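Chemist: Provide a 3D model corresponding to the input given below.
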Amino acid sequence: MGNVHSSSSSSDVLPVDDSVYWLKCAKGTIAVFSLGSTRFMKVARGRNSEGTCVWKVFLTQEDSSVYEPYRKELFRIRDALVNAPNCCTVKKIYTIERRIIQVTPKWAVLIRPFQKQTLCDRLSTRPFIVQQEKIWYIYQLFKAIAQCQKANVCHGDLKSQNVLLTSSNWLQITDFAPYKPTYLPHDNPSSFTFFFDTSRHQHCYLAPERFLSSVDYENIHKEKGDEWLFGSLQPSMDLFAVGCVVYELLHDSGKPPFSYGELCLYQRMSSSDAASFLERYLLVDRFPSSSPNFSSFPSPRGVLNVTLWCEEVAKTFQFLRIFRLLQDIAAQFRPLLKLLLNRDPSLRVSAQQVLDGSVLHFPKVLDAFFSYLNAFRPKEITTSQSLEGFEQSQMAFHLEPDDVIAKLKRDEKSIWERLTECEESRPYAILFISLITANIRVLRSVPAKIVSFSREISPVVSFPWLVRLNLKHNRPFIQDAMNMLVKLASLCGPVVSTERVLPYLVCCLSEVDAQVRASAVYSITELLRPIEPATFEDSLVFIDYLLPELASYIWIPSSMLSDKRHPCPTHVLLAVATNLGDIAETAYRFHVVGRNLRNGVADDEISGAENISGGEILLRHMITFLNVKSDWRLRAVFFESLPICVQKNSFDVKPLLQQVTLLELEPCRFTRLTLFLVQGLHDFEELVVIHAIHCIIVLVETGVLGRNEMLELLEDTLPFLSHPNEWIRVTVVELLIVLDSCWSLADVHCRLLPLVRPYLQDSSLLRLNNKLVVLTCLKSPIPRDVWKKVTEMSPEQTEALHLFLGKEWKF
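Modeler: So this is what the prediction gives:
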């Protein structure tokens, strides 16, 4: 089992470096770099006079006539999809007969245009995809499949690795695979691994009907031959793969729904079991908050056939696993995935039906935006073909970046009207943000070219009037781009502004033209002014990123003008001075919000900690930091972060507030949580003590620590009112003020004040709600040298001191 491949595969295995070496010898090839290698194909990135392309090197057999049908089918697909905007097909094939590349007669080379990023790569790279981009990708994916179905073309190997994405969010499907088998034996994993599992992750996007038993596979193949094996693709098979890609795009894990083994099990279900599976487990809306009922789970008692019982158990657990597939998917996409992932091919809807809104309603604005954005994608230049349609040029017509910005500026009014006509379409401004950011860094720098040209002609003669003229005509392109970015970002969330727009505006600070740099300062100020950070990491954008970058760009880098750093132009300094007040106010607001989020006192809707058990998991790992005696900063950060993990609504804190037993003796007077706090109060580093007391303050304010827990902690906290460190005394007084505001008047007079009065000069103090009054009434602190001697005493000396002072020693 697992040792037999299709008849079209080769037994020879050559290293990818060998094929890459011969590709470098090809006429017109500038550079070739390996992108990976499998037994089936070698993949490389090549660059020649027509641009960058992908070379797929296939190891052929001696009989080249076997591959002629595949070559013709690839050309048919190329010609049929020549006007399909969402399909990227093979443009050239170097075959053995043509001998265009002088290599050994063992290789055939497929060439297609190169795109840097695939959907699989994009899912795991920052900035992460937002919901509107996901819907836009799904819309384009169904557009691509509809274009294929209209041209009578099937893909055969659709997966996230074969979905290309440009920097402007235009999607294309590629690597059409008519040369890969339509059907595979489900009990022979080597065939699947050889042809389809290029990532070696066992992820399977193939439709269940493509897997047959070995007996049926051999019989049908023997009867119908390779024409059945390689020419029986159906559109419904591609739709199942689309469902897997859509699931991978929508699910938080970023993984497809099936592995090879799970899909084979799904395929082997009987029709009744498959129908029952769809009705009971994929209709998640019937029980959205509960798991399926397995009351009919088979019991092993009284079972005569153990094998059948094991199969039933495996099937039941597989149902449970697949049931969980759609639990994390938004409800609006579940009906679509239920149809696309259906085991019955006849129940899968066509791509055009999905686009028409029969299952999923796409925003109406996407139809208009698709037609508009299609004008900005690279257009292929079709040259004259050979008699057999053998070659097609790889050259493409690209709209110049300056022309892109100019067209967007001309159409700005109509674009804004479409985006703001309803609340649903506003976040789709990110589509135009991506288009602008894809072009803003490559706008033509004509002034620099003119200066260089004038110096080459003569070091004395210059053309300042010509430079000023070109500055006048080229400066607005960057300024228009920045203005449109700020305006469009106001329709999106704060994450889009900080992660998608801000880096490009900061990049504009490095421009040579002072007017552009000044405009960038104004744009950055306007962009960040209305933003409210949602997480602590967002609040650090000023400290960790913007302010250092702004300070560095006050000077022009030496690589631009000369060997020395040049002072910033007056125009840029004036822009910074004008906006400095707004920048400082926004930075302070970010700092305050971030501090509240980190201390755990922000609202639950802002902090996002409600109904999340991640704090409990973090706390288990954070406890280990208390044992690090060599670095007091770690222990201080622990108490600074502890309130975030044990917020009242974050998880069940009751186990932390139960009394514990130490060394199997009598129960300790402390709970698990207060044990951590007492350990911080007894720390030898005074800054750790301050953080521990401040942690207690936050826990009291958030309601985590009740009255009983605080009464136990006060026995270890109040002695710090006599500590020689003024910071510690002030922090303890702040704790008393919080307790005075949280406790009832009876608790303050009967429980709190009797514990505090031994440390007060004036015992007539009735309230602890004034910081200055309490500090004034405190007794003089213990001198530092006395405190040091007392804290350094051994346990025996401490016990003797207690006996000498006539106090009862409590162990």
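
Chemist: check contacts around Gln140.
Modeler: Residues near Gln140 by C-beta atoms under 8 Å, 6 or more residues apart in numbering: 86, 170-171, 370. In this view, the C-beta of every residue, glycine as well, is placed from N, C-alpha and C.

Chemist: again, only this time at 7 Å
Modeler: When contacts are counted by C-beta atoms under 7 Å, 6 or more residues apart in numbering, Gln140 touches 86, 171.

Chemist: just say helix, strand or coil for it.
Modeler: helix (DSSP: H, G, I helix; E, B strand; the rest coil).

Chemist: how much space between it and Val242?
Modeler: As for Gln140, its distance to Val242 is 11 Å (criterion: C-beta to C-beta, to the nearest Å).

Chemist: remind me which residues of the stretch 401-550 of the chain are low pLDDT?
Modeler: By pLDDT under 70, the weakly predicted segments of the stretch 401-550 of the chain are 445-475.

Chemist: the helices in it, which residues?
Modeler: With DSSP state H, counting those that start in this stretch applied, the stretch 401-550 of the chain shows helices at 401-410, 412-420, 430-440, 446-457, 464-489, 494-496, 502-507, 514-528, 536-539, 541, 547-552, listed in chain order.

Chemist: would you turn those helices into a markdown table with distance to Cys264 and mean neighbour count?
Modeler: As requested, these are exported to a markdown table (distance: least, C-beta to C-beta, whole Å; neighbours: other C-beta atoms under 10 Å):
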| stretch | distance to Cys264 | mean neighbour count |
| --- | --- | --- |
| helix 401-410 | 48 | 17 |
| helix 412-420 | 47 | 15 |
| helix 430-440 | 39 | 22 |
| helix 446-457 | 61 | 14 |
| helix 464-489 | 47 | 18 |
| helix 494-496 | 40 | 18 |
| helix 502-507 | 45 | 19 |
| helix 514-528 | 52 | 22 |
| helix 536-539 | 42 | 18 |
| helix 541 | 48 | 22 |
| helix 547-552 | 53 | 14 |
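
Chemist: adding distance to Trp107, write those helices out as a markdown table.
Modeler: Shown next, in a markdown table, are the helices of the stretch 401-550 of the chain (distance: least, C-beta to C-beta, whole Å):
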| stretch | distance to Trp107 |
| --- | --- |
| helix 401-410 | 38 |
| helix 412-420 | 49 |
| helix 430-440 | 35 |
| helix 446-457 | 43 |
| helix 464-489 | 45 |
| helix 494-496 | 46 |
| helix 502-507 | 43 |
| helix 514-528 | 50 |
| helix 536-539 | 49 |
| helix 541 | 51 |
| helix 547-552 | 49 |
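
Chemist: nearest to Gln161, out of those helices?
Modeler: Of all these, it is helix 430-440 that lies closest to Gln161, at 21.5 Å by C-beta to C-beta.

Chemist: that older thread, nearest to Pro724, of the helices of the stretch 401-550 of the chain?
Modeler: helix 536-539 (34.2 Å).

Chemist: who are the packing partners of that closest one?
Modeler: helix 570-599 (3 or more C-beta pairs under 7 Å, 6 or more residues apart in numbering; DSSP states H and E).

Chemist: can you list contacts of stretch 254-263?
Modeler: 123-124, 189, 192, 202-206, 208, 244, 247-248, 266, 318, 325, 341.

Chemist: ok, which of the helices of the stretch 401-550 of the chain comes nearest Leu675?
Modeler: helix 536-539 (26.8 Å).

Chemist: what's in contact with whichever helix or strand comes after the closest one?
Modeler: As assigned by DSSP states H and E, the chain's next helix or strand after helix 536-539 is helix 541. Contacts of helix 541 from elsewhere in the structure, counted by C-beta under 7 Å, 6+ apart, are 498, 590.

Chemist: burial measure for Glu715, as a count.
Modeler: 12 (other C-beta atoms under 10 Å).

Chemist: check what pLDDT it gets.
Modeler: pLDDT for Glu715: 88.

Chemist: and for Gly614?
Modeler: 49.

Chemist: same question, Leu250
Modeler: 91.

Chemist: state the pLDDT value of the residue lying closest to it once chain neighbours are set aside.
Modeler: Leaving aside its sequence neighbours, Leu250 sits nearest to Ile329 (C-beta to C-beta, 6 or more residues apart in numbering; 5.3 Å). In this model, Ile329 is scored at 78, pLDDT.

Chemist: so Ile329 versus Pro85, what's the distance?
Modeler: Ile329 sits at a distance of 28 Å from Pro85 (criterion: C-beta to C-beta).

Chemist: got it, and Pro427?
Modeler: Distance, Pro427 to Pro85, using C-beta to C-beta: 24 Å.

Chemist: mind listing what Leu74 touches?
Modeler: Contacts of Leu74 (C-beta under 7 Å, 6+ apart): 90, 93, 178.

Chemist: for the last one, grab the count of nearby residues.
Modeler: Pro178 sits with 21 neighbouring residues when counted by other C-beta under 10 Å.

Chemist: nearest residue to it other than its sequence neighbours?
Modeler: Closest to Pro178 by C-beta to C-beta, 6+ apart is Glu73, at 4.2 Å.

Chemist: quick check, pLDDT for Val733.
Modeler: pLDDT at Val733 comes out at 92.

Chemist: do the same with the one 10 residues further on
Modeler: As predicted, Trp743 sits at a pLDDT of 90.

Chemist: again with Cys53
Modeler: 86.

Chemist: got phi/psi on it?
Modeler: phi -140, psi 170 (degrees, to the nearest 10).

Chemist: and if you look at Leu164?
Modeler: Phi and psi for Leu164, reported as degrees, to the nearest 10, are phi -90, psi 150.

Chemist: for it, give the beta-bridge partners.
Modeler: Going by DSSP bridges, Leu164 is paired in beta bridges with Thr118, Gln172.

Chemist: surely it is in contact with Asn86?
Modeler: No - Leu164 is not in contact with Asn86 according to C-beta atoms under 7 Å; the separation is 9.6 Å.

Chemist: so which helix or strand of the chain has the lowest pLDDT on average?
Modeler: helix 446-457 (a mean of 36; mean pLDDT, DSSP states H and E).

Chemist: and the most centrally placed residue in the chain, what helix or strand is that in?
Modeler: Central residue of the chain (C-alpha atoms, centre = their mean): Phe128, 3.5 Å from the mean position. Of the helices and strands defined by DSSP H and E, none includes Phe128.

Chemist: now Lys56
Modeler: Using DSSP H and E, Lys56 falls within strand 51-59.

Chemist: flag every buried residue along that strand.
Modeler: 52-59 (16 or more other C-beta atoms under 10 Å).

Chemist: in a markdown table, list the residues you listed along with distance to Ala151.
Modeler: Below are those laid out as a markdown table (distance: C-beta to C-beta, whole Å):
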| residue | distance to Ala151 |
| --- | --- |
| Thr52 | 26 |
| Cys53 | 23 |
| Val54 | 22 |
| Trp55 | 25 |
| Lys56 | 22 |
| Val57 | 27 |
| Phe58 | 24 |
| Leu59 | 30 |
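
Chemist: of those, which is the nearest to Tyr183?
Modeler: Looking across these and measuring by C-beta to C-beta, the closest to Tyr183 is Phe58, at 20.5 Å.

Chemist: stretch 712-721: end-to-end distance?
Modeler: 16 Å (C-alpha to C-alpha, to the nearest Å).

Chemist: buried residues, that stretch. List them.
Modeler: 712-714, 716-718, 720-721.

Chemist: cool, and stretch 582-593?
Modeler: Buried, per 16+ other C-beta under 10 Å, within stretch 582-593: 583, 586-587, 589-590, 593.

Chemist: repeat that for stretch 193-206.
Modeler: Buried-residue list, stretch 193-206, by 16+ other C-beta under 10 Å: 193-198, 203-206.

Chemist: kindly reformat these as TSV and extend each row with distance to Arg112.
Modeler: Compiled in TSV, those are given as follows (distance: C-beta to C-beta, whole Å):
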residue	distance to Arg112
Thr193	24
Phe194	22
Phe195	19
Phe196	19
Asp197	21
Thr198	16
His203	23
Cys204	24
Tyr205	20
Leu206	22
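
Chemist: of the buried residues of stretch 712-721, closest to Arg517?
Modeler: Phe720 (52.9 Å).
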